[in-house]
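Asks: here is a sequence together with a model predicted from it:
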Amino acid sequence: MRNLSFFLIALAAAWWYLGGSNTEAVVLPDGTLNYPDYRIETVETFAIDARVLSREDYHSDREAELSPTDLALGWGPMAEDEVRAAFEISQRNRWYYWKAERMPIARAQVAAYSANMHMIPANELASAALARVRVDDRVRLKGRLVDVNASDGWRWRTSRSRSDSGKGACELLLLEHIEWL
């Protein structure tokens with residue numbers, strides 16, 4: 001009996017650590033989407049062809065209930081091998097960081113051609129595909145930029161600009177489809 005209790009506790013911990021159930025978004029009559037305890041409002045449809053500069057998985061913050069993974073993405077010059085090689089890229093606490101000893105492109109171009117994006121899988125298929133994404137993959141992501149409102153008043157907003165940086169500059173993407181390029 002003791003071994004069974006230990007097994008059930010370990011199984012529950014693994015389920016929680018790996019993201020629990022992948023609940024699908026339910027479309028409501030007004031066009032918003034519903035997750036348990038969250039209302040997701042579409043800001044606009046979104047698609048991007050990009051290179052994965054970094055990937056960070058989250059398990060314990062509130063946002064992880066919806067978004068288990070952040071992808072730091074680069075496109076245009078930030079997807080080029082020689083430019084990418086000049087940067088040291090990392091992620092932590094839902095932020096994307098970069099540094100370079102020599103700047104191969106202007107600082108404003110780094111902000112314009114890269115971003116940290118919070119991924120909310122729209123369904124189990126998108127969740128499974130997201131789990132396979134690796135650093136340096138070239139992918140086409142399709143979905144919707146969204147704002148999230150929780151039943152307890154908590155809110156999470158997507159960026160509405162491609163030239164912003166710092167707090168609030170991340171895109172919040174309801175991920176519907178991934179294609180490898």
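Replies: The structure has been received and is ready for your questions.
Asks: so, low pLDDT: which residues of this structure?
Replies: For the chain, the stretches with pLDDT under 70 are 1-35.
Asks: regarding it, what is its longest strand?
Replies: Ranked by number of residues, the top strand in the chain under DSSP state E is strand 38-57.
Asks: which stretches of the chain form strands?
Replies: 26-27, 33-35, 38-57, 69-74, 87-92, 95-100, 114-121, 138-150, 155-156, 171-180.
Asks: JSON lines please, covering these and showing mean neighbour count and distance to residue 127.
Replies: C-beta here means a position set from N, CA and C on the backbone, and glycine is covered the same way. Listed next are these as JSON lines, based on neighbours: other C-beta atoms under 10 Å; distance: least, C-beta to C-beta, whole Å:
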{"stretch": "strand 26-27", "mean neighbour count": "12", "distance to residue 127": "16"}
{"stretch": "strand 33-35", "mean neighbour count": "17", "distance to residue 127": "13"}
{"stretch": "strand 38-57", "mean neighbour count": "17", "distance to residue 127": "12"}
{"stretch": "strand 69-74", "mean neighbour count": "24", "distance to residue 127": "9"}
{"stretch": "strand 87-92", "mean neighbour count": "15", "distance to residue 127": "19"}
{"stretch": "strand 95-100", "mean neighbour count": "16", "distance to residue 127": "21"}
{"stretch": "strand 114-121", "mean neighbour count": "25", "distance to residue 127": "4"}
{"stretch": "strand 138-150", "mean neighbour count": "19", "distance to residue 127": "12"}
{"stretch": "strand 155-156", "mean neighbour count": "14", "distance to residue 127": "18"}
{"stretch": "strand 171-180", "mean neighbour count": "20", "distance to residue 127": "8"}
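Asks: spit out the contact partners of residue 105.
Replies: Contacts for residue 105 (C-beta atoms under 8 Å, 6 or more residues apart in numbering) come out as 77, 78, 83, 113.
Asks: was I right to think the first one contacts residue 111?
Replies: No: counting by C-beta atoms under 8 Å, residue 77 does not reach residue 111; the two are 11.9 Å apart.
Asks: so residue 58 touches residue 69, yeah?
Replies: Yes: counting by C-beta under 8 Å, residue 58 touches residue 69, with 7.2 Å between them.
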